[in-house]
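Enquirer: My questions are about this predicted structure, shown below with the sequence.
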Amino acid sequence: MSFTLTSPVTGGAQTGFTSPTYTLAPDTAPTSAGKQYAVTALGGTQTGVNTSSSPSKPFTITLSRPSSLKALSVVDPVTGVLRSVPRNTYKILVRNGCTVLVGQAPAVLQARLEIDVPAGADSADAANVRAALSLLIGSLNSISASIGDTCVTGVI
């Protein structure tokens, strides 16, 4: 599987953070079709952030692919049209235990990203699959602080 993170990971810009980095250690993924990493240390200035993952306050990232990859169906011999185009869904999940009220048990924040790739596009149009992901990742990186501000203030 090509999903591999090199530790430390440089975090995206966030209001109040200076040069955030995350040291990762391999962890056990929930399925054999995934990889999981746990945050073991922080770098830069991130006041108040969990310094490592624990059972009650996880700080993990899980990367997974479909357990069974789908292929294109056969073309209808009469119409010459594909009967259906299945999708292969790749997922990224970040979990981080957060304090919701001092003295109370933490609650887990979950940030999910799903990428649905039409079967066949991986080989027939790889450049456009990569372009879509390039735009997605570049956009997320460029508005990282804005996303954080919106999640904290509720203002979009």
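Expert: Perfect, thanks for sending it. Everything quoted here is computed from the prediction, not taken from an experiment. Numbers count the residues shown, from 1 in each chain.
Enquirer: Show me the strands in this structure, by range?
Expert: Assigned by DSSP state E, the chain shows strands spanning 9-10, 18-27, 34-45, 59-64, 87-98, 107-118.
Enquirer: Reformat these as CSV; add mean pLDDT and mean neighbour count.
Expert: All C-beta atoms are positioned from the backbone trio N, CA, C, and that covers glycine. Listed next are those as CSV, based on pLDDT from 0 to 100; neighbours: other Cβ atoms under 10 Å:
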stretch, mean pLDDT, mean neighbour count
strand 9-10, 95, 13
strand 18-27, 95, 16
strand 34-45, 94, 18
strand 59-64, 95, 21
strand 87-98, 96, 16
strand 107-118, 96, 13
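Enquirer: quick one: the residue of the chain most remote from its centre from Val39, how far?
Expert: Most distant from the centre of the chain: Val78, at 41.8 Å, with distances by Cα atoms, centre = their mean. Distance of Val78 to Val39, given as Cβ to Cβ, to the nearest Å: 55 Å.
Enquirer: can you check Val108 too?
Expert: Counting by Cβ to Cβ, the gap from Val108 to Val39 is 14 Å.
Enquirer: what's across from the spatially most central residue of the chain in the sheet?
Expert: Among the residues of the chain, the one closest to the centroid is Ile92, at 2.9 Å (Cα atoms, centre = their mean). Per DSSP bridges, the residues bridged to Ile92 are Leu63, Leu113.
Enquirer: Which strands and helices lie in contact with the helix ranked longest in the chain?
Expert: The residue-count maximum for a helix in the chain (DSSP state H) belongs to helix 126-142. Where contact means 3 or more Cβ pairs under 8 Å, 6 or more residues apart in numbering; DSSP states H and E, helix 126-142 is packed against strand 107-118, helix 121-124.
Enquirer: Outside of the last one itself, list whatever touches it.
Expert: This means helix 121-124. Contact with helix 121-124 is made by Asn88, Asn128, Val129, as judged by Cβ atoms under 8 Å, 6 or more residues apart in numbering.
Enquirer: Just send these back as CSV, with distance to Ser56 too.
Expert: Conversion of the contacts of helix 121-124 to CSV gives the following (distance: Cβ to Cβ, whole Å):
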residue, distance to Ser56
Asn88, 34
Asn128, 43
Val129, 39
